[in-house]
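Participant: Sequence and predicted structure below; questions after.
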Amino acid sequence: MAASSQKTLPTRALRDADLIDGSGAWAKEARLTASDRAQAAGLPQRRDEYWKYTRPDAFVQADVTLQASLRSSLGLFDQRNTISVAFEDGKIQAAALPSSAQCTLESLASASILDLHWARDVYGRLEEAGQNPVKRSLAAVNTAVARDGLLVNVTGAVEAPIHIHATSSGQSDATIHHVIKVAAGAEVTLIETGQYGARSNIVLEVDVADGGRFHHIRVQDGNERHMLTHIFARIGAEARFKSFTLTAGGQLTRNECVLQLLGDDASVSVAGACLGDGDFHHDDTVFITHDAVNCESRQVFKKVLRNGAVGVFQGKILVKAGAQKTDGYQISQSLLLDDDSQFLAKPELEIYADDVACSHGSTSGAIDAQALFYLRSRGVPEAKAVDLLTLSFVAEAIEEIEDEDLAQDILDHLTETLSAR
Amino acid sequence: MLNIKNLHVKLEEEDKQILKGVNLSLEPGKVHAIMGPNGSGKSTLSYVLSGKDGYEVTDGSAQLEGVDILDMEAEERAAAGLFLAFQYPVEIPGVGNMTFLRTAVNAQRKLRGEEEMSAGEFLKVVRAKAKDLKIDADMLKRPVNVGFSGGEKKRNEILQMAMLEPKMCILDETDSGLDVDAMKLVAQGVNALRDDKRTFLVITHYQRLLDHIKPDVVHIMANGRIIKTGGPELALEVENNGYADLLEEIA
């Protein structure tokens, strides 16, 4: 394993001296321990069970062969009042980030040169906790090598969503690591649009203290790009966590989400809608651990695939002994618009408590002929009718978005994307 | 308005003849009713006329105002003025009733080369028409037919008809699943749309609906053919004696 991974880019970067060059004490420690984790675990291989449906090669090979090109999410959410943060080719732009009375925003680049920083309690810590029972070594690589990212310390109810918009050009690699810390009773919404690089490795760590609320909306598009994302979150008592992702472009996307419910009466939702066309591979891999009483978790994933596009869903709910009154819901569905496209689903439940309600379902289907006829009989042309039924299909995932205005923006964007293709 | 000549239809997937020579001539402004036992081909006739897939026309023709419609796509027939009120209206989660209606109205206008209806104008018109059918703002906002009662679904069909203003309306068992009050409300909606140009073809099992939507002509269909045509009294005859006598007559 070690021999073959020597050649790959992430490990090549894992030379300690380079790794910690310019780092302050806390970042040094976090990077070196992450480097050890990554070396010990080795890089993902094609034979790994966890990478059965998505080949890791594109994420570990040495050179980026893609050209970044931005598509349609530019302008999305522009009418909304947001706290705006721009990334360009993997770096936060602007010397001073916007400020808010309810939170502080900093770049990882500037925070990591300090010897002490609040981020040390989260950075790499949640990623490390998420390495068990399945190794996610590319996330550990990210912790070791990431040079920039957004660090947000949320202490109150932030008045407007924080909106990260990323742009990049050319054959660029981007390794970005965000940390969001939500204090007890505090609340924030994070929006991510655009494209960090032609090939991106993104980690988002979210620590939601008791009674805190975190909402996340992400739009992934672009043409050729490859993207691997990890969300690691720790959720306290009576806290809420919601993450929604719309993927409407890109050759290869793998979104991993690892959530730990550690306090009673918390609730989480992870949802995704994707539109895949042609050379498109989209993987949602979710692992939710219930380790407290009376928590709710929801996973809602909808994939619309055509012209040979591939969708993957691996979703697991682990209910630990003692996590009584757990309410787990998981649905993954694909709408296959032709015979060439495919959907691979692996739903899993592992339950060690005896008083829980967990439901899961997975389906693959074509456009409903009766519904299509109904729309056409009202004068709606076939292509438009298929678009409407596509919107109908993904609606359940979009409904998971907390904020109705933002949900409407997503719906409008999706409608535009559909009618443009 | 609608002229059907010697229409023969079989299922596309299997060798089963459903319609075996249907002849019907529907004049503008008239209400025709078709009654008949289960399996006589009534619903198939409505589907074939409105362009549903899965059927093969083996002989005969259907013309709407002199234009052959059987080779048209379903949406083209709709734009030409044909409307089918479904026996089982389809639920479309995630698509608002209003969005659906406006998409349909404007799609038809576009197909006919007319200007689209503005959002403001549409809203005004739909609110007025919905009120007549006791359809409240909530029902207009909800996803198409999702969580609607049987009566609400049928009223929603009539609302679509009122908005699309078709020339030729086919009602497929609009009374099924309705209680008396709901049926009256639906019938009122239909009657409000009657004028000297618009033609209706009302398909039903029971005479009941025809008490509220009074037909000009009643046809009895059996085994893929129209076996008898008469006035409204024919519906009463069926109500009293069933279809057995009529079927014997032609046997």
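Facilitator: Yep, it's here. Numbers count the residues shown, from 1 in each chain, chains lettered A, B, ... in the order given.

Participant: Check residue 134 and give its pLDDT.
Facilitator: In the absence of a named chain, chain A is used. pLDDT for residue A:134: 92.

Participant: Correction: the question concerned chain B.
Facilitator: 85.

Participant: Could you do residue A:3 as well?
Facilitator: 34.

Participant: cool, residue B:126 as well?
Facilitator: 94.

Participant: and what of residue B:251?
Facilitator: 63.

Participant: Equivalent analysis for residue A:416, please.
Facilitator: 89.

Participant: quick one: it and residue B:100, what's the gap?
Facilitator: From residue A:416 across to residue B:100, the span is 18 Å (CB to CB, to the nearest Å). In this view, the C-beta of every residue, glycine as well, is placed from N, C-alpha and C.

Participant: Kindly check the end-to-end length of stretch B:71-82 for me.
Facilitator: 14 Å (CA to CA, to the nearest Å).

Participant: hmm, that stretch touching chain A?
Facilitator: Yes - using CB under 8 Å from any CB of the partner chain, stretch B:71-82 reaches chain A at B:73, B:74, B:75, B:77, B:78, B:79.

Participant: So between residue A:416 and residue B:100, which is more surrounded?
Facilitator: residue B:100 (22 against 13; other CB atoms under 10 Å in any protein chain shown).

Participant: for the closest residue in space to residue A:65 that isn't next to it in sequence, what are its contacts?
Facilitator: Excluding its sequence neighbours, the residue lying closest to residue A:65 (CB to CB, 6 or more residues apart in numbering or on different chains) is residue A:171, at 7.2 Å. Residues in contact with residue A:171 (CB atoms under 8 Å, 6 or more residues apart in numbering or on different chains) are A:64, A:65, A:66, A:67, A:68, A:198.

Participant: so who does the fourth one touch?
Facilitator: So the one you mean is residue A:67. Here residue A:67 is in contact with A:170, A:171, A:198, A:224 (CB under 8 Å, 6+ apart).

Participant: ok, residue A:49 - how many residues close by?
Facilitator: Residue A:49 is flanked by 9 other residues according to other CB under 10 Å.

Participant: If you could redo that for residue A:25, that was the one I meant.
Facilitator: Other residues near residue A:25 come to 13 when the count uses other CB under 10 Å.

Participant: and if you look at residue A:359?
Facilitator: Around residue A:359 there are 11 residues (other CB under 10 Å).

Participant: Over to it. Which of the three states is it?
Facilitator: Put simply, residue A:359 is strand when judged by DSSP: H, G, I helix; E, B strand; the rest coil.

Participant: What are the boundaries of the strands in the stretch 301-421 of chain A?
Facilitator: With DSSP state E, counting those that start in this stretch, the ranges of strands along the stretch 301-421 of chain A come out as A:310-319, A:327-336, A:342-351, A:357-365.

Participant: just chain B next, same as before
Facilitator: Ranges of strands in chain B, per DSSP state E, are B:2-11, B:17-26, B:31-35, B:55-64, B:67-68, B:82-85, B:92-96, B:143-144, B:168-172, B:199-204, B:217-222, B:225-230.

Participant: who touches the fourth one?
Facilitator: Around strand B:55-64, the neighbours that count as contacts under CB under 8 Å, 6+ apart are B:1-12, B:17-18, B:21-22, B:44, B:47-49, B:68-70, B:77, B:80-82, B:167-168.

Participant: any idea of the mean pLDDT for it?
Facilitator: 96.
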